[in-house]
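> Sequence plus the predicted model coming up.
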Amino acid sequence: MKVVPKVRVFWWRVLRGILPVEQTLQHRHIATVATCKIYQAADEDLMHALIKCTNAKRFWVEAREWLQVKLPEIHPDSWSRDILCDPRFDETDQAKIITIMWAIWNSRNNITHDKNGYNPNHSIKMIKDDLAILEVPLEHTRFVPGFGWKPPEYDWVKINTNAGIAGEVRKGGAGGTARSPTKFIAA
């Protein structure tokens, strides 16, 4: 997907159903109710938070105007996989839809943590600019020495790893990504 790395990580979490929506928090005995904290209208599962919630719908209205993307009817059980696999969604639409959902999620988090939510109009304009930058051919970009991630040289694969440990609960996690000079290989 031609999206920024933080959006890719977000979508990985969506596909695995590990974003902390109210329904998941209730299932894990962290929350007592699963009701959406923004509008108190329905239980908050992933589809509600990213598509059906009134907050999310404001973003989809702006997305239709600014990015000419409209989310078609999708299956409630397989919608997140369908966005990646269904032929109705080309690569460009996938990137737009997933990035919009990332902005919706961040806006939702700000609202539920007593901060201001994102302005949908402003967010969609920023998404349009971010996606346009990703379309710039690699030969027209410059890397500042010592700054940021650089792709590996020809015929090489670069593997980036990271890990974290939560000592108080005695748990840890690790992950990694493998990339060639031109494409993502595995995570």
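Now that the structure is in, tell me what you want to look at. A quick note: this is a predicted structure, and the numbers were derived from the prediction, not measured. Residues are numbered from 1 along each chain as shown.
> Which elements pack onto the helix or strand of the chain with the lowest mean pLDDT?
Each helix and strand of the chain was given a mean pLDDT (mean pLDDT, DSSP states H and E); the minimum falls on helix 120-134 at a mean of 79. Helix 120-134 makes packing contacts with helix 54-67, helix 91-112 when contacts are defined by 3 or more Cβ pairs under 8 Å, 6 or more residues apart in numbering; DSSP states H and E. Yep, even glycine has a C-beta here, placed from its N, CA and C like the rest.
> which of the ones you listed is buried the deepest?
helix 91-112 (a mean of 20; mean count of other Cβ atoms under 10 Å).
> Show me what that one is packed against.
When contacts are defined as 3+ Cβ pairs under 8 Å, 6+ apart, helix 91-112 packs onto helix 5-15, helix 54-67, helix 79-85, helix 120-134.
> how about 6 Å then?
For helix 91-112, the packing partners by 3 or more Cβ pairs under 6 Å, 6 or more residues apart in numbering; DSSP states H and E come out as helix 5-15, helix 54-67, helix 120-134.
> What mean pLDDT does it get?
If you average the pLDDT over helix 91-112, you get 89.
> got the contact list for that helix?
Around helix 91-112, the neighbours that count as contacts under Cβ atoms under 6 Å, 6 or more residues apart in numbering are 1-3, 7, 10-11, 37-38, 49-50, 56, 59, 63, 67, 69, 83, 117-118, 123, 127, 131.
> which stretches of this protein have low pLDDT?
Applying pLDDT under 70 to the chain picks out residues 136-148.
> quick one, the least confident helix or strand of the chain and helix 91-112 angle?
Between the axes of helix 120-134 and helix 91-112, defined by axes from the mean of the first three to the mean of the last three Cα atoms, to 10 degrees, the angle is 140 degrees.
> Could you check helix 120-134 and say which residues are buried?
The neighbour-count check on helix 120-134 (16 or more other Cβ atoms under 10 Å) flags 120, 123-124, 127, 131 as buried.
> possible to save those as a markdown table with distance to Leu19?
What follows is the buried residues of helix 120-134, written out as a markdown table (distance: Cβ to Cβ, whole Å):
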| residue | distance to Leu19 |
| --- | --- |
| Pro120 | 20 |
| Ser123 | 18 |
| Ile124 | 21 |
| Ile127 | 19 |
| Leu131 | 22 |
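> And what about Thr177, helix, strand or coil?
The assignment at Thr177 comes out as strand when based on DSSP: H, G, I helix; E, B strand; the rest coil.
> actually Ala174, not the one I wrote
Using three-state DSSP, the three-state assignment for Ala174 comes out as strand.
> Assign the closest residue to it other than its chain neighbours to helix, strand or coil.
Nearest non-adjacent residue to Ala174, counting by Cβ to Cβ, 6 or more residues apart in numbering: Ala163, 3.9 Å away. Secondary structure for Ala163, judged by three-state DSSP, is strand.
> What number of residues are in the vicinity of Ala163?
Around Ala163 there are 9 other residues, counting by other Cβ atoms under 10 Å.
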